[in-house]
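Asker: no sequence for this one, just the structure:
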C-alpha cells in the first residue's frame with residue numbers, strides 16, 4: 001500500500017531555522033520553498049578531526065510529534081568513511097547554540113538529544129532523495145535537527161533541495177491497483193526551423209507516475225479519497241509520495257489532475273465500484289533556478 005505525507009511542519013508560520021553555515025544565495029530559507037531545484041547549501045561538508053557536523057535546526061514554535069522526515073534533491077554520498085554521519089534528532093531544550101544541557105553532538109540518550117535517528121543507511125546512490133521511513137518519537141518536541149558529515153563529497157559543500165518534516169499516512173479503505181505507469185520525464189528547450197533543423201538543450205528532469213486506486217462506494221471509502229484530494233490541492237497540489245516503504249524510495253510530487261479524478265466502473269443496488277486515477281509528477285530536479 002502506498003503511503004503519503006502532505007503538510008510540511010517547516011512551512012508553518014513562526015518556524016525559526018538556524019544552521020552551522022549557509023552559502024548565499026542558497027540560504028536556509030530554501031529548505032521549504034517547494035522548489036527542490038532551488039536548494040539550501042552548507043558551505044562545507046563537516047570538519048575532521050573532531051566530527052563537527054554541518055547541521056540545520058528548526059524551532060517549530062510549538063510541540064509536535066512528526067513520524068517522518070525526508071530530504072529531496074540532495075548531493076550527499078553514501079557516507080563510506082567511518083567518521084561520516086547523518087542524523088535526525090529532537091530535543092526539548094532548544095537549538096544550538098542555546099541548547100542548555102541538550103548536547104546534540106552526543107548521538108545517543110546519555111545526555112545528548114532526546115530522540116536520535118541514524119539516517120546514514122537510508123541514502124541510496126541511485127536516488128537523489130532520502131526518506132526516514134515511519135518512526136515513533138514517543139513524545140512531542142519543539143526542536144529538531146538534521147546533522148551530516150560527508151567527508152568524501154567532492155562538491156566540497158552539502159546541498160539539500162527540500163527538507164520535509166511531517167506525518168506519514170496511508171489509505172485505509174482505498175486499494176492500489178496492480179501495475180503502475182511511471183518513468184523519467186525530461187525537459188528541454190527546443191527550436192525547430194522551417195527547414196527541419198533541430199536545436200535542443202537539456203534543462204532538467206523529473207519522474208511521472210499514473211496510479212489507480214479502486215474503492216467501493218461506501219461512506220468511509222469515498223470520504224477518505226475525497227479528503228485526500230482536497231487536502232493535496234489545498235497544499236498547492238504538492239505532497240510526498242512513497243510507492244513502497246520497504247524499498248526506501250520517496251518522491252516530492254505535484255498532483256496534475258484538476259478534475260475528473262474518478263470513474264464509475266460498476267453500478268449496483270448497494271455499492272458502486274469507482275476507479276480513482278492520479279497523475280503525478282515529481283518537482284523538477286537537476287537545474288538551478290535562481291531568484
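Answerer: Arrived safely, thanks for sending. Every value quoted in this text rests on a predicted model; they were computed, and no experiment measured them. Numbers count the residues shown, from 1 in each chain.

Asker: hey, let's count contacts and neighbours off CA atoms from now on
Answerer: Will do.

Asker: Poorly predicted segments of the stretch 151-291 of the chain, please.
Answerer: Counting by pLDDT under 70, the ranges of the stretch 151-291 of the chain that qualify are 173-184, 187-188, 202-205, 215-219, 245, 261-273, 284-291.

Asker: Mind jotting down where the strands sit in it?
Answerer: 159-160, 162-166, 169-170, 175-176, 181-192, 198-216, 238-242, 251-255, 262-267, 272-282 (DSSP state E, counting those that start in this stretch).

Asker: residue farthest from the centroid of the chain?
Answerer: The outermost residue of the chain relative to its centre, with distances by C-alpha atoms, centre = their mean, is residue 195 at 44.9 Å.

Asker: Quick check: the gap between that one and residue 201.
Answerer: The gap separating residue 195 from residue 201 is 19 Å, by C-alpha to C-alpha, to the nearest Å.

Asker: repeat for residue 16
Answerer: Using C-alpha to C-alpha, residue 16 is found at 39 Å from residue 201.

Asker: Also residue 89?
Answerer: Residue 89 is 42 Å from residue 201, by C-alpha to C-alpha.

Asker: Which one of the two is surrounded by more residues?
Answerer: Legend: neighbour count by other C-alpha atoms under 10 Å for residue 89 and residue 201, higher for residue 89 (23 against 10).

Asker: got a list of what the more buried one touches?
Answerer: By C-alpha atoms under 8 Å, 6 or more residues apart in numbering, the residues touching residue 89 are 104, 113-117, 144-146.

Asker: And those, which two are furthest apart?
Answerer: Pairwise distances across the contacts of residue 89 peak at 13.7 Å for 114 and 146 (criterion: C-alpha to C-alpha).

Asker: and those two? which has more neighbours close in?
Answerer: Legend: neighbour count by other C-alpha under 10 Å for residue 114 and residue 146, higher for residue 146 (23 against 20).

Asker: Report the contact partners of the more buried one.
Answerer: Per C-alpha under 8 Å, 6+ apart, neighbours of residue 146: 55-57, 86-89.

Asker: In CSV: those, plus secondary structure and distance to residue 23.
Answerer: Below are those laid out as CSV (DSSP: H, G, I helix; E, B strand; the rest coil; distance: C-alpha to C-alpha, whole Å):
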residue, secondary structure, distance to residue 23
55, strand, 13
56, strand, 13
57, strand, 16
86, strand, 20
87, strand, 21
88, strand, 22
89, strand, 23
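
Asker: my guess is residue 201 meets residue 189, correct?
Answerer: Yes. Between residue 201 and residue 189 there is a contact at 5.1 Å, judged by C-alpha atoms under 8 Å.

Asker: Got the domain ranges for the chain?
Answerer: Domain segmentation of the chain under automatic domain parsing yields 3-168, 175-282.

Asker: In space, not sequence, find me the middle residue of this protein.
Answerer: Mean-position check on the chain, C-alpha atoms, centre = their mean. Result residue 70 at 4.0 Å.
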